[in-house]
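Peer 1: Dropping a prediction and its sequence here:
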Amino acid sequence: MRVTPTATVLLTLAAFASPVTAQTVAITNAQIHTMAGPTIERGTIVFRDGRIMEVGASVTPPQGARIIDGNGKVVTPGLIDSHTTMGLVEIGLSAGPTAESTSSPRLTAAYDVVDAIDPATTLIPINRIEGITRAVVAPQPGSSIIAGRGAVIGLAGERVTDMLSRSPNAMYVTLGESGARFAGGSREAAVLLLREALTDARDFAANRAAWQENRRRDYALGRLDLEALAPVVQGELALAVNVHRASDILAVLRLGEDFPELRLILTGATEAWKVASDLVAAEVPVVIDPLQNIPGMENSGVTLEHAARLHDAGVTVVFATFDAHNSRNLKQRAGNAVAYGMPHEAALRAVTSVPATIWGIADRYGTLEAGKDADVVVWSGDPFELNTAAEHVFISGREMPEMTRQKMLLEKYRTLR
């Protein structure tokens, strides 16, 4: 078999997909942001076999541990991008089909991203070497306002089953202007369709046996979709609603009042600051891109001060890139939020501990505490500064290789004959 130069690059990259074997590591003399308590100015963190053993100012590295001198360095938990399509798309402008959505009218809520994620995507190495250790992979709307179920993955592993942190993490829905195209152009009708789906799912969950015996009315959705929505209406699975305009956000909150068991999370939400007090009262968190500042027909109120205003009002804020290729820019987005008024520590929580909490993985990730998985990043300085580099990235205690397809191509063609 003849191996082409491109194939050689990809085969070599695949060899770097497996992380370095776990060992005992001690990072010493570093400024450690545990996100579970005060910052430790000259602390040590020790982890072994994938788990954090000790964190503190007076921790002594165990005998035989690999020592990383953190003098002048900053240590944080691995960053979590709370909305991506990583693993679902490789070339975003490709005319061919992608795995981020389905156009099948028979599958909406039942669509699950897990079986579509490609662990060998070249996008994972380029993003994780810059401090992204976990990512929420979310489906995109295809044939309905209900896009399907997402998952939280770790950016290490050769198989999807090795990568999963939580699956599913939420049911994804789009309303507002985007949702209106699935409802005859009416954003109000889109809300009505969602209300009908939730009502049917609640009735189905309570009367499944009667429905199977044909003793119940017909439902708007099929069996697979109803089964997928049952955990949502029972409060077991979050409902992530993509919406932007303030009036549309209030419509979602009214829906939450009619279905009090729902665990609502808003994504996008560029005008959320206008209704911040309502979000606080409803205890609904928001996932935003703090770098958005270009107004449109449904988000004329977008502002770079969005994150700061939400934080000051007491809203639970999480940051995301809503991207696949440039999830690595999450730290830049967080830094931008700080530049426009959000406290630095709050911005760091918005990409570590807070997303871990809202996505249900806080028992293992998001903070640097004994017993948790060692998702640890050693930075050359403030992680939100553009000239700061992630010098060491550990996922579950294993250091990630620095090699990416981009670096391999650079070396391959650095010297041309």
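Peer 2: Looks like it arrived, so ask away. Numbers count the residues shown, from 1 in each chain.
Peer 1: Correct me if wrong: Ala110 contacts Ala201.
Peer 2: No: using Cβ atoms under 8 Å, Ala110 is not in contact with Ala201; the gap is 11.5 Å. Backbone N, C-alpha and C define where each C-beta goes, glycine included.
Peer 1: Across the sheet, point out what pairs with the residue lying closest to Val376 once chain neighbours are set aside.
Peer 2: In this structure, Val376 finds its nearest non-sequential neighbour in Phe394, 4.4 Å apart by Cβ to Cβ, 6 or more residues apart in numbering. On the basis of DSSP bridges, Phe394 is bridged to Val376, Glu399.
Peer 1: count of neighbours near Phe394?
Peer 2: Here the number of neighbours of Phe394 (other Cβ atoms under 10 Å) works out to 26.
Peer 1: likewise Glu385?
Peer 2: Glu385: 14 neighbours (other Cβ under 10 Å).
Peer 1: Beyond whichever strand or helix holds Ala147, next helix or strand please.
Peer 2: Using DSSP states H and E, Ala147 maps to strand 146-149. Next helix or strand after strand 146-149 toward the C-terminus (DSSP H and E): strand 151-154.
Peer 1: average pLDDT across the strand holding Ala147?
Peer 2: For strand 146-149, mean pLDDT rounds to 94.
Peer 1: so Val46 touches Ala65, yeah?
Peer 2: Yes: using Cβ under 8 Å, Val46 makes contact with Ala65 at a distance of 6.7 Å.
Peer 1: So these two - more neighbours on which side?
Peer 2: The neighbour comparison of Val46 against Ala65 (other Cβ under 10 Å) goes to Val46, with 21 against 18.
Peer 1: can you give me phi and psi for the more buried one?
Peer 2: phi -120, psi 130 (degrees, to the nearest 10).
Peer 1: what bridges to it?
Peer 2: Ala26, Glu54.
Peer 1: can you pull the pLDDT of it?
Peer 2: The model's pLDDT for Val46 equals 98.
Peer 1: Kindly report the same for Pro5.
Peer 2: 45.
Peer 1: Same check on the one 4 residues further on?
Peer 2: The model reports Val9 with a pLDDT of 46.
Peer 1: same deal with Ser143?
Peer 2: Looking at Ser143, its pLDDT reads 77.
Peer 1: any idea whether the residue most central in space within the chain is helix, strand or coil?
Peer 2: Here the mean C-alpha position of the chain is nearest to the C-alpha of Ser82 (Cα atoms, centre = their mean), at a distance of 2.2 Å. Here Ser82 is strand, with the state taken from DSSP: H, G, I helix; E, B strand; the rest coil.
Peer 1: my guess is it meets Pro355, correct?
Peer 2: Yes: between Ser82 and Pro355 there is a contact under Cβ under 8 Å: 4.6 Å.
Peer 1: Overlap in contacts, these two.
Peer 2: The contact sets of Ser82 and Pro355 overlap at 136, 287, 318-319 (Cβ atoms under 8 Å, 6 or more residues apart in numbering).
Peer 1: since we're on Thr404, how many residues are nearby?
Peer 2: So Thr404, with other Cβ under 10 Å, has 19 neighbours.
Peer 1: Next, the contact list for it, please.
Peer 2: For Thr404, the contacting residues are 13, 122, 125-126, 129, by Cβ under 8 Å, 6+ apart.
Peer 1: can you give me how far stretch 321-333 is from the chain middle?
Peer 2: 10 Å (Cα atoms, centre = their mean, to the nearest Å).
Peer 1: how far does it stretch from start to finish?
Peer 2: Counting by Cα to Cα, to the nearest Å, you get 8 Å between the two ends of stretch 321-333.
Peer 1: again, but for stretch 53-62
Peer 2: Note: stretch 53-62 ends 10 Å apart using Cα to Cα.
Peer 1: buried sites along that stretch?
Peer 2: 53-55, 59, 61 (16 or more other Cβ atoms under 10 Å).
Peer 1: who touches it?
Peer 2: Residues contacting stretch 53-62 (Cβ under 8 Å, 6+ apart): 24, 26, 28, 32, 34, 40-48, 67, 368-370.
Peer 1: if you set the cut-off to 10 Å instead, what comes out?
Peer 2: 24-28, 32, 34, 36-37, 40-48, 65, 67-68, 75, 367-372, 374, 376, 397 (Cβ atoms under 10 Å, 6 or more residues apart in numbering).
Peer 1: Can you select the buried ones from those residues in ChimeraX?
Peer 2: In ChimeraX, a selection of the buried entries from the contacts of stretch 53-62 looks like this (16+ other Cβ under 10 Å):
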select :24,25,26,27,28,32,34,40,43,44,45,46,47,48,65,68,75,367,368,372,374,376,397
